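Participant: whatever this is, show me its structure:
(2 chains)
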Amino acid sequence: MKLSKIFFALVFGLLLGFSFTAQAEGGSEGEGVDVEGIAFHHISDANVYSIGPWSFPLPCILYNKENGKWSTFSSGKFHLVGHHGDGSEIVEGYVLNGGTVNRITNPTPEMLEGHMSIAGDHGHDSHDEGHAHHLFNHETKIVDGKEKEVSYFEKDGQKFYLEDKTAWDYGVFGGEFTSFYDFSITKNVVSMFIVCLFMMFVFFRIAKMYKTNEGKAPSGIQGFFEPMVVFIQDEVAKPFLGKKWKQFLPFLLTIFFFILGLNLFGQIPFLGGSNVSGSLSVTLVLAVAAFLVVNISGNAHYWGHIVWMPGVPAWLKIAILTPVEIIGVFIKPITLMLRLFANITAGHMVMIIFVSLIFIARDAAGDGIAWLTSIGSIALTMFMMAIELLVAFIQAFVFTILTAAYLNASTEEAHDHDHGDSHEHAAAH
Amino acid sequence: MGSLAGIGMGLAVIGAGIGIGNIGAKAMEAIARQPEAVGDIRANMILTAALVEGAALIAIVMAFLVG
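Facilitator: Numbering: from 1, shown residues only, chains lettered A, B, ... in the order given. As a prediction, the model looks like this:
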């Protein structure tokens, strides 16, 4: 049976790949596996692109607020050791901690110039490539009444504390204003470029095919994408936007295929698992784009219903309706942003935690149980991957359909039969 | 701090679970009654489920913020 052969090839491929990735991520013997750390490392952006045991350096573009200095260099300069994404070198006051660039808060003058090695008196640990210990330690500090994990390393008997890049998210995910900004071409940016180039290649090709193939049945790649385009056109654009569907179809299609591309790219196993559409900054920009399109194309009817809802007593409008409607204008893009972020991030996290189950079992009960657990873990992960494939489509579709629904609300013309009662009521006052 | 946020998230998820459960149940009923309308029902089901989910997400973020 051909199908069963493919299935078993897939299972064995995954099994091999897992032990590969898991070795890379779970790593060192002796100490218990830090599942939370692995999961967060897995979903976060990085300044190196790691595929299995290989790491590709990416360009770093950093700006320090304090001395106004731009630093541009390749992240290969950090000299990666082991599989934790730690770099053993200090470059212009920056270090690579768990794949992301951090800055030393109390650097010595020598650290700011050129680069030097972190490894001090216990340097022999870090050169043991396969099972490198973490170069950086963590301690919990209390900052403004909140507990915060701070990384540090020791060199020549002195503690050097690290801080993350500036990422302002009102402290929800621990982001704050720090001394430097990171404009680097990160893993997520590279993934986005790859997806964009692929999409451009595919769609320019399809567009050309429509010219050369005019009047004939679609063929090849055109035949694969046409149902999706027609689906968005017929199920989203036309029912929601009525006569104006042609005006907004390009925007809806762009959003749909961009999100779908990113979602699917992040799910290709062992390709770094980049979590682009599960990054708040990416979904924020998508939501802002939707917000601008919705509100800029909003007509008088839409704004009228937000600011001064007809047919409702004035005190009620001032007290409840208008504030709620104005908050609603902002809540809509915020939920768009959070929904995509949360769904995709949750998927990535669940996947890595199912894989980590093997190592939790190993730490708890030894290698034999770990092998048994890996069977269940692989079955669960394959099941989750199937679901995530569905989620990739559903979330792209939901983002598009909700944008279309908001566009519908903002561009709809006043219909007398819809609001007949309220307008009469308003006229009576 | 963590536990309080956890309870908040749990409550938000219960609400969303009930909501999305109802949407799914009613959609299935509707499809059983009118199988020819399956396309419209499915699209609207996903849309409403997404709206319910939005409320839960806001609650979860609030739990993060306040908790």
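
Participant: what packs against the lengthiest strand in chain A?
Facilitator: Across chain A, the strand with the greatest residue count (assigned by DSSP state E) is strand A:146-155. Judged by 3 or more Cβ pairs under 8 Å, 6 or more residues apart in numbering or on different chains; DSSP states H and E, the packing partners of strand A:146-155 are strand A:137-143, strand A:158-163. C-beta coordinates here come from the backbone N, C-alpha and C atoms, glycine included.

Participant: can you redo those strands as a markdown table with mean pLDDT, mean neighbour count and distance to A:L286?
Facilitator: Shown next, in a markdown table, are these (pLDDT from 0 to 100; neighbours: other Cβ atoms under 10 Å in any protein chain shown; distance: least, Cβ to Cβ, whole Å):
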| stretch | mean pLDDT | mean neighbour count | distance to A:L286 |
| --- | --- | --- | --- |
| strand A:137-143 | 76 | 10 | 32 |
| strand A:158-163 | 82 | 16 | 28 |
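
Participant: can you put these in JSON lines and add distance to chain B?
Facilitator: Shown next, in JSON lines, are the helices and strands packed on strand A:146-155 (distance: least, Cβ to the nearest Cβ, whole Å):
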{"stretch": "strand A:137-143", "distance to chain B": "12"}
{"stretch": "strand A:158-163", "distance to chain B": "21"}
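
Participant: closest to A:G304 out of those?
Facilitator: strand A:137-143 (47.0 Å; Cβ to Cβ).

Participant: re the thing from before, listing partners with orientation, what would you give for the longest strand of chain A?
Facilitator: The strands beside strand A:146-155 in its sheet (DSSP bridges) come out as strand A:137-143 (antiparallel), strand A:158-163 (antiparallel).

Participant: now A:N102: how far from chain B?
Facilitator: Going from A:N102 to chain B by Cβ to the nearest Cβ, to the nearest Å gives 23 Å.

Participant: actually A:I326, not the one I typed
Facilitator: For A:I326 relative to chain B (Cβ to the nearest Cβ), the value is 16 Å.

Participant: and A:A364, by the same measure?
Facilitator: From A:A364 to chain B the distance is 23 Å (Cβ to the nearest Cβ).

Participant: residue ranges with poor pLDDT in the chain?
Facilitator: Using chain A here. A:1-4, A:6-31, A:82-84, A:120-134, A:143-146, A:169-174, A:415-429 (pLDDT under 70).

Participant: let me rephrase: I mean chain B.
Facilitator: For chain B (pLDDT under 70), the answer is B:1-2, B:66-67.

Participant: give me the distance between the two termini of stretch A:305-324.
Facilitator: From its first residue to its last, stretch A:305-324 covers 12 Å (Cα to Cα, to the nearest Å).

Participant: what comes up buried for it?
Facilitator: By neighbour count on 16 or more other Cβ atoms under 10 Å in any protein chain shown, the buried set for stretch A:305-324 is A:305-306, A:309-310, A:317, A:321-322.

Participant: same thing with stretch A:289-299?
Facilitator: A:289-291, A:293-295, A:298.

Participant: which ones are touching the closest residue to A:M337 other than its chain neighbours?
Facilitator: Spatial nearest neighbour of A:M337, chain neighbours left out: A:A287 (3.9 Å); criterion: Cβ to Cβ, 6 or more residues apart in numbering or on different chains. Contacts here follow Cβ atoms under 8 Å, 6 or more residues apart in numbering or on different chains; on that basis A:A287 touches A:333-334, A:336-337.

Participant: same thing with A:T178?
Facilitator: A:T178 neighbours (Cβ under 8 Å, 6+ apart): A:103, A:163-166.

Participant: for the residue lying closest to A:L389 once chain neighbours are set aside, grab the count of nearby residues.
Facilitator: Closest residue to A:L389 apart from its sequence neighbours, by Cβ to Cβ, 6+ apart: A:Q267 at 6.8 Å. Residues within reach of A:Q267, counting by other Cβ atoms under 10 Å in any protein chain shown, total 19.

Participant: A:A392 is in contact with A:Q267, correct?
Facilitator: Yes: the criterion here is Cβ atoms under 8 Å, and A:Q267 meets it with A:A392 at 6.4 Å.

Participant: measure the closest residue to chain A within chain B to B:I60 for me?
Facilitator: The nearest approach of chain B to chain A comes at B:G54, 3.5 Å away (Cβ to the nearest Cβ). B:G54 sits 11 Å away from B:I60, going by Cβ to Cβ, to the nearest Å.

Participant: and of the helices and strands packed on strand A:146-155, who's closest to A:G68?
Facilitator: Using Cβ to Cβ, the nearest of those to A:G68 is strand A:158-163, at 17.5 Å.

Participant: residues contacting the residue of chain B closest to chain A?
Facilitator: Contacts of B:G54 by Cβ under 8 Å, 6+ apart are A:335, A:338-339.

Participant: tell me the phi and psi of it?
Facilitator: Here is the backbone geometry of B:G54 (degrees, to the nearest 10): phi -60, psi -40.

Participant: A:N299 now?
Facilitator: phi -100, psi -180.

Participant: how close does it sit to chain B?
Facilitator: 22 Å.

Participant: and for that residue, nearest residue in space, chain neighbours not counted?
Facilitator: A:T411 (6.0 Å).

Participant: right, and that neighbour touches A:I296 too?
Facilitator: No: between A:T411 and A:I296 there is no contact under Cβ under 8 Å: 10.5 Å.

Participant: all the strands of the stretch 151-300 of chain A, residue numbers only.
Facilitator: Under the criterion DSSP state E, counting those that start in this stretch, strands of the stretch 151-300 of chain A are mapped to A:158-163, A:180-182.

Participant: tell me which element the residue of the stretch 201-350 of chain A at minimum distance from chain B is part of?
Facilitator: Using Cβ to the nearest Cβ, A:T335 is the residue of the stretch 201-350 of chain A that sits closest to chain B, at 3.5 Å. For A:T335, the host element (DSSP states H and E) is helix A:322-365.

Participant: could you point out the helix or strand that follows that helix?
Facilitator: That would be, after helix A:322-365 and using DSSP H and E, helix A:367-411.

Participant: now for that following helix, which elements pack on it?
Facilitator: helix A:2-26, helix A:238-241, helix A:245-267, helix A:280-296, helix A:300-307, helix A:322-365, helix B:38-66.

Participant: ok, the contacts of B:G54 vs B:G8, which is closest?
Facilitator: Using Cβ to Cβ, the contacts of B:G54 come closest to B:G8 at A:L338, 15.3 Å.

Participant: what's the nearest residue to that closest one if we skip its chain neighbours?
Facilitator: The nearest residue in space to A:L338 (Cβ to Cβ, 6+ apart) is B:L57, at 4.4 Å.
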